[in-house]
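>>> With the sequence up front, the predicted model follows.
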Amino acid sequence: MSSFCNSWFALVWWCVASSVLASTPNPANNCKYLQSWFDVLPCAVSRDIDVIKSQADQSVAMLGAEAYEQGLNPEFESELITRDAEGEQRQSLSLSYRHTFELGSKAKMRSELGRAEEQVAASNLELTQQRAFAAYAMKLFRMKAKQEELEYLDEMRSSYQRIVNAYRSRRALSAETRVSAQIFSLAEASSLIRTNRKKGELRKLASSFASKGLRLPKGSVGLGWPQWPQIKPQLGESPWIKLYRAESNLAESKLNVEESLATPNLKIGPIAEFDDIGQGKVGLGLSMSLDLPVYHQNQGSINRARQQVKGKKLVEAAFQSEHRERFSLLLDHYKSLQAELQALPSQSWLEKNHEQLDREIAKGLIDANLIVEGHEQLLSVVEERNQLRLRVLETLFDIRLIQGSSVQEGIL
């Protein structure tokens, strides 16, 4: 019986998995032309290969309970015997019809197994979608950081070009002026190299969306940096916990199915025998068969399933303990990163100092080395701030996944 159900379920899985993409509306119909940056993340998640696979698995699992609840078909058996009796050939015919009564609550246990498999698939899909959203959101904000840094690099290079051109317009240059011109030329070349490197990193990040057929909106990433919320030290039910608990329940359901198989099925039905066909000799009776659990009562499979339950419970308990410890560490790390980020100069301070530096440069009263150093320091602060922002965001996503809250909160 168990092998029959497994074969049937495998057939259902193959049929659904091969047709799920054809029967589901193509995401390209809604995501071909992205009008807003807020559409990018949902479309990227919908086309993620792991999400698509999890959706296919869930579609299969939703049919599991229905497949498992199916009863066994009745049996029909016929037997025709020809024999010689006193020199004459005589024929007898036996017809029997038997219905199988599943004892030991087998149908109920299989139905619970189907629901347990559906819960595992649903929990896995939720976890996969949340992790995919966080991964693509990190890519978008890395793109945003690169674009901000490229703006500063472009302004640096333009500033150096203006100074170099001003030096070149002079008829005669002193030794000190020639050295200053060379310093700015080198600084311009260095900023160009760094610009090209960041553009390459930007293209690489954008390619992860292009590979899914998504055409990103033109211009800078239109998502603002999130407000960094204060996190309450309260643990909810995370997708990981849901998944491990569902897997433990699935193991218990499999154990229940194996235990139900220890009780044999009863096959019973009418039987009719026709002796000397055509002579009107008919016998009616009752046919019954029952497997005798003489050699085993499915104890081997039961012991294996019981050990699997024990293993799943141990993993679930260990993960919950690790989960609590990891949450505490992440919370401390998040607060530390917040403090570091708040200690950095604000955006308005950076813009003010950048404008002041440009005014001093225009007066021509600052040494070349100081000008280059000033620009480098400003860019360094911008890069450090963006790196901190990304680390805070990544930590925030990890905390929300552990807490069981939505990673989309504050992003979309």
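Cool, the structure landed. Numbering: from 1, shown residues only.

>>> how about the helices in the stretch 201-350 of the chain?
Secondary structure of the stretch 201-350 of the chain (DSSP state H, counting those that start in this stretch): helices located at 239-260, 299-343, 347-363.

>>> which strands and helices sit next to the second one?
Packed against helix 299-343, as judged by 3 or more CB pairs under 8 Å, 6 or more residues apart in numbering; DSSP states H and E, are the following elements: helix 239-260, helix 368-403. (C-beta placed from N, C-alpha, C; glycine too.)

>>> Where does the prediction get shaky in the stretch 51-200 of the chain?
The model of the stretch 51-200 of the chain has pLDDT under 70 over residues 85-87, 172-173.

>>> Check the offset of the longest helix seen in the chain from the chain's centre.
The single longest helix within the chain, with elements called by DSSP state H, is helix 106-168. Here the centre of helix 106-168 is set off from its chain's centre by 13 Å, with CA atoms, centre = their mean, to the nearest Å.

>>> Name the nearest residue to residue 113, ignoring sequence neighbours.
Nearest residue to residue 113, sequence neighbours excluded (CB to CB, 6 or more residues apart in numbering): residue 253, at 4.2 Å.

>>> list the contacts for residue 150?
By CB atoms under 8 Å, 6 or more residues apart in numbering, the contact list for residue 150 reads 195, 198, 199, 202.

>>> hmm, back to that, for the helices of the stretch 201-350 of the chain, which one sits closest to residue 165?
Smallest distance to residue 165 across the helices of the stretch 201-350 of the chain (CB to CB): 13.2 Å, for helix 347-363.

>>> Let's see which of the contacts of residue 150 end up in helices.
195, 198, 199, 202.

>>> what's the spacing between the first one and residue 150?
Read that as residue 195. Remark: distance between residue 195 and residue 150 (CB to CB, to the nearest Å) = 6 Å.

>>> what's the answer for the third one, then?
As judged by CB to CB, residue 199 and residue 150 stand 7 Å apart.

>>> With the second one instead?
Between residue 198 and residue 150 the distance, using CB to CB, works out to 5 Å.

>>> tell me the most buried of the helices of the stretch 201-350 of the chain?
Ranked by mean neighbour count under mean count of other CB atoms under 10 Å, the helices of the stretch 201-350 of the chain are led by helix 239-260, which reaches a mean of 21.

>>> quick one: contacts of it?
Under the contact criterion CB under 8 Å, 6+ apart, helix 239-260 has outside partners 2, 104-106, 109-110, 112-113, 115-117, 119-120, 122-124, 126-127, 130, 298, 301-302, 304-306, 308-309, 311-313, 315-316, 319-320, 323, 401-402, 404.

>>> quick one: that helix to helix 368-403, angle?
What separates the directions of helix 239-260 and helix 368-403 is an angle of 30 degrees, with axes from the mean of the first three to the mean of the last three CA atoms, to 10 degrees.

>>> C-alpha coordinates for helix 239-260, PDB please?
Only the C-alpha atoms of helix 239-260 are listed here, as PDB (Å, rounded to 0.1, in the frame of the first residue of the first chain):
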ATOM      1  CA  PRO A 239      10.100  31.200   8.700                       C
ATOM      2  CA  TRP A 240      13.000  28.900   9.800                       C
ATOM      3  CA  ILE A 241      11.200  27.900  13.000                       C
ATOM      4  CA  LYS A 242       8.000  27.200  11.000                       C
ATOM      5  CA  LEU A 243       9.900  25.100   8.500                       C
ATOM      6  CA  TYR A 244      11.700  23.000  11.200                       C
ATOM      7  CA  ARG A 245       8.400  22.500  13.100                       C
ATOM      8  CA  ALA A 246       6.600  21.500   9.900                       C
ATOM      9  CA  GLU A 247       9.400  19.000   9.100                       C
ATOM     10  CA  SER A 248       9.100  17.500  12.600                       C
ATOM     11  CA  ASN A 249       5.300  17.200  12.100                       C
ATOM     12  CA  LEU A 250       5.900  15.600   8.700                       C
ATOM     13  CA  ALA A 251       8.200  13.000  10.300                       C
ATOM     14  CA  GLU A 252       5.600  12.200  12.900                       C
ATOM     15  CA  SER A 253       3.000  11.800  10.200                       C
ATOM     16  CA  LYS A 254       5.200   9.400   8.300                       C
ATOM     17  CA  LEU A 255       5.600   7.400  11.600                       C
ATOM     18  CA  ASN A 256       1.900   7.300  12.000                       C
ATOM     19  CA  VAL A 257       1.500   5.900   8.500                       C
ATOM     20  CA  GLU A 258       4.100   3.200   9.100                       C
ATOM     21  CA  GLU A 259       2.400   2.200  12.300                       C
ATOM     22  CA  SER A 260      -0.900   2.000  10.600                       C
END
